[in-house]
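*Asks:* A structural model of the following input is requested.
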Amino acid sequence: MFFTLSALFVAFFVSVFTIKVLLPLAPQIGLVDLPNERKKHDGAIPLIGGISIYTGVLIASTLFVEQSQILNLYFISSALLVFIGTMDDIYDLKVAPRMIFQGIVATLMVFGAGVYIQDFGNIFSSGNVQIGNYGMLFTMLACVAAINAFNMIDGIDGLAGSMSIVSIASIAVLTLLNDKSADILLPLILVVAIIPYLFYNVSTRNPRGKKIFMGDAGSMFMGLTVIWLLALSTQNTAHGEAVFRPVTALWIIAVPLMDMFAIMLRRIRKGVSPFKADNGHLHHICMRLGLSSRQALWAISGLAIFCSLIGIIAEVLAVPEWLMLSTFIVLFLVYSYALQHAWKFIRAVK
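*Replies:* This is a model prediction of the structure:
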């Protein structure tokens, strides 16, 4: 217990220390977010949350988590994403270089660490669906999708951090339910390292002028972390056995995943790039309906927790995988339809 508490203490205070150090430096190097037509905040806000989280996790893990090749590759991959995310935060990079770096990171995950999804489970009630080496390509696409899902949902204070905590904590809970002796120190470190960022991002007690944002560095790091943990947790690999079924992973990241695909489909139908930023995400809809930013955060976080609980309970009760998948598809269709037609309802209300 003392060992675990020490690791969490280090993760928390390294994260806090990093924020304290970077706060005065961020404006000098242009690592700030400026308000525009889509971003309605006051002044230049430092984009240092992601760097602080990564630093806290890196130091605490180096000191307290058992070292291995897969852990080293995870931190190398994460460092690449944090780097390109920071460059994007400073220079507002085009889509191409970001996607190239994300592809490199996905390649490291699949071919370097040997972590990839090749078993989808018994989703059709006719035996496990296995795609063998095609799983390498699928996992690379899934990795890029998860990175962008968490990047896209980072639209209001606290949302990306809250979605990350829900997903990572759910993975830890499922791991413990499967094996009470399992080591969940890394997920715990990740959750604790996010807390200082959330305080500076959303807390009303935060001193005026000290607000920070996660930035692309942080949201992409969170996306990579979640898909990495999910791949390890749902597949039998050289690094360990699966601790829960692959279909459960959909419920663990339901909100970021559904929001990304629904909004990209809407953009494609409108004839614009699926990566073109707009005001059509779930948090935008919530605020157009009259919710404050804080209320929208609670509502969306509540939805994410609800979906994760469905996944966890279904896993514990061994609900058939085909039923879990079918229910998720129905939920996505309802979500997508609601997002597509929310504007009509908003106009009718107004």
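*Asks:* residue ranges with poor pLDDT in the chain?
*Replies:* 35-42, 204-209, 342-350 (pLDDT under 70).
*Asks:* Next, count neighbours for Leu176.
*Replies:* By other C-beta atoms under 10 Å, the residues close to Leu176 number 14. Backbone N, C-alpha and C define where each C-beta goes, glycine included.
*Asks:* make that Asp179, sorry
*Replies:* Counted with other C-beta under 10 Å, the neighbours of Asp179 add up to 12.
*Asks:* Please work out how many residues are found near Val192.
*Replies:* Applying other C-beta under 10 Å, we find 22 residues neighbouring Val192.
*Asks:* and it, that's in a helix?
*Replies:* Yes - the assignment for Val192 is a helix, going by DSSP: H, G, I helix; E, B strand; the rest coil.
*Asks:* Tell me if I'm right that it and Ala11 touch.
*Replies:* Yes - with contacts counted by C-beta atoms under 8 Å, Val192 reaches Ala11, the gap being 4.8 Å.
*Asks:* Now for those two: what residues contact both?
*Replies:* Gly56 (C-beta atoms under 8 Å, 6 or more residues apart in numbering).
*Asks:* In three-state terms, label the spatially most central residue of the chain for me.
*Replies:* Centroid-nearest residue in the chain, with C-alpha atoms, centre = their mean: Gly223, separated by 3.7 Å. Secondary structure state of Gly223, per three-state DSSP, is helix.
*Asks:* any idea how far it is from Val115?
*Replies:* 15 Å (C-beta to C-beta, to the nearest Å).
*Asks:* cool, His281 as well?
*Replies:* 29 Å.
*Asks:* which parts of the longest helix seen in the chain are buried?
*Replies:* Ranked by residue count and defined by DSSP state H, the top helix of the chain is helix 321-349. Residues of helix 321-349 classed as buried by neighbour count (16 or more other C-beta atoms under 10 Å): Glu321, Met324, Leu325, Thr327, Phe328, Leu331, Phe332, Tyr335, Ser336, Leu339, Ala342.
*Asks:* Skipping adjacent residues, who's closest to the fourth one in space?
*Replies:* Excluding the flanking residues, the one nearest Thr327 by C-beta to C-beta, 6 or more residues apart in numbering is Ile310, at 8.0 Å.
*Asks:* my guess is the one you found meets Trp251, correct?
*Replies:* Yes - with contact taken as C-beta under 8 Å, Ile310 and Trp251 are classed as touching, separated by 5.5 Å.
*Asks:* So these two - more neighbours on which side?
*Replies:* Set Ile310 next to Trp251 and count neighbours by other C-beta under 10 Å: Trp251 wins out with 26 against 19.
*Asks:* you'd agree the more buried one is up against Phe328?
*Replies:* Yes - if you go by C-beta under 8 Å, Trp251 and Phe328 touch, sitting 6.6 Å apart.
*Asks:* one step back: could you list every helix and strand in contact with the longest helix of the chain?
*Replies:* Where contact means 3 or more C-beta pairs under 8 Å, 6 or more residues apart in numbering; DSSP states H and E, helix 321-349 is packed against helix 246-252, helix 254-269, helix 282-288, helix 293-316.
*Asks:* Looking at those helices, which one is packed in the most?
*Replies:* Of all the helices and strands packed on helix 321-349, helix 246-252 has the most neighbours on average by mean count of other C-beta atoms under 10 Å, namely a mean of 25.
*Asks:* In terms of secondary structure, what does that one contact?
*Replies:* In terms of contacts (3+ C-beta pairs under 8 Å, 6+ apart), helix 246-252 is packed against helix 159-178, helix 215-234, helix 293-316, helix 321-349.
*Asks:* Which other helices and strands does the third one contact?
*Replies:* Using 3+ C-beta pairs under 8 Å, 6+ apart as the contact criterion, the neighbours of helix 293-316 among helices and strands are helix 159-178, helix 246-252, helix 254-269, helix 282-288, helix 321-349.
*Asks:* got CSV for those, with distance to Phe83 too?
*Replies:* As requested, those are exported to CSV (distance: least, C-beta to C-beta, whole Å):
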stretch, distance to Phe83
helix 159-178, 18
helix 246-252, 27
helix 254-269, 22
helix 282-288, 27
helix 321-349, 33
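*Asks:* and the nearest residue to Pro320 once chain neighbours are set aside, how many residues sit next to it?
*Replies:* In this structure, Pro320 finds its nearest non-sequential neighbour in Ser125, 6.7 Å apart by C-beta to C-beta, 6+ apart. For Ser125, the neighbour count with other C-beta under 10 Å is 9.
*Asks:* Can you say which of the helices and strands packed on helix 293-316 is nearest to Leu141?
*Replies:* Closest of the helices and strands packed on helix 293-316 to Leu141 is helix 254-269, at 12.5 Å (criterion: C-beta to C-beta).
*Asks:* between that closest one and helix 159-178, how many degrees?
*Replies:* For helix 254-269 against helix 159-178, the angle by axes from the mean of the first three to the mean of the last three C-alpha atoms, to 10 degrees is 130 degrees.
*Asks:* quick check: angle from helix 254-269 to helix 215-234?
*Replies:* Angle, helix 254-269 to helix 215-234, by the same axes, to 10 degrees: 120 degrees.
*Asks:* Compute the inter-axis angle for the strand or helix carrying Thr55 and helix 215-234.
*Replies:* Element membership for Thr55, per DSSP states H and E: helix 49-64. Angle, helix 49-64 to helix 215-234, by the same axes, to 10 degrees: 40 degrees.
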